[in-house]
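Undergrad: Generate a structure from the sequence data that follows.
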Amino acid sequence: MAANTARLEARISQDLSDMIKRAASIQGRSVSDLVVQAVYEAAASIIERAEVLTLSRADQELFAKALLAPKPTKTGLDKAFTSKKRLLVSDV
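TA: The predicted structure is shown next:
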């Protein structure tokens, strides 16, 4: 059974093509293997940066303190939640 694959093509300059071939040769890899690995690493890095939130040490400490000891809610916010609950109960 054949593996599920897709084809990717790109037009590049002759200089870049030569550079890629040289790098692949230095590592003893095929051009395809080198390009696929480099593109995979770049794509994974881009996705990670977009999806993972990284906090400084100071921000981590502030976040942890807020979770462990939240400030009391404001009176107006409490009233809003109470009103919402009352409205939802009366609609049923």
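Undergrad: which parts of the helix or strand containing M19 are buried?
TA: Assigned by DSSP states H and E, M19 belongs to helix 14-27. With burial defined by 16 or more other Cβ atoms under 10 Å, the residues of helix 14-27 counted as buried are A24. For the C-beta atoms, the positions are set from N, CA and C on the backbone; glycine is no exception.
Undergrad: buried ones in whichever helix or strand comes after that helix?
TA: Going down the chain from helix 14-27, the next helix or strand is helix 31-51, by DSSP H and E. The neighbour-count check on helix 31-51 (16+ other Cβ under 10 Å) flags 34-35 as buried.
Undergrad: by how many degrees do helix 31-51 and helix 14-27 diverge?
TA: 100 degrees (axes from the mean of the first three to the mean of the last three Cα atoms, to 10 degrees).
Undergrad: in this protein, which ranges drop under the pLDDT threshold?
TA: Applying pLDDT under 70 to the chain flags the ranges 1-2, 89-92.
Undergrad: From L67, how far off is the most centrally placed residue in it?
TA: In the chain, the residue lying closest to the centroid (Cα atoms, centre = their mean) is E51, at 2.4 Å. As judged by Cβ to Cβ, to the nearest Å, E51 and L67 stand 21 Å apart.
Undergrad: swap in A6?
TA: For A6, the distance to L67 equals 43 Å [Cβ to Cβ].
Undergrad: Would you mind telling me which of these two has more residues around it?
TA: Neighbours around A6 and L67, counted as other Cβ atoms under 10 Å, are more numerous at L67. The numbers are 8 against 4.
Undergrad: Could you name the specific helix or strand carrying the more buried one?
TA: helix 57-68.
Undergrad: returning to that earlier point: can you name every helix or strand that the helix holding M19 contacts?
TA: Applying 3 or more Cβ pairs under 8 Å, 6 or more residues apart in numbering; DSSP states H and E, one finds that helix 14-27 contacts helix 31-51.
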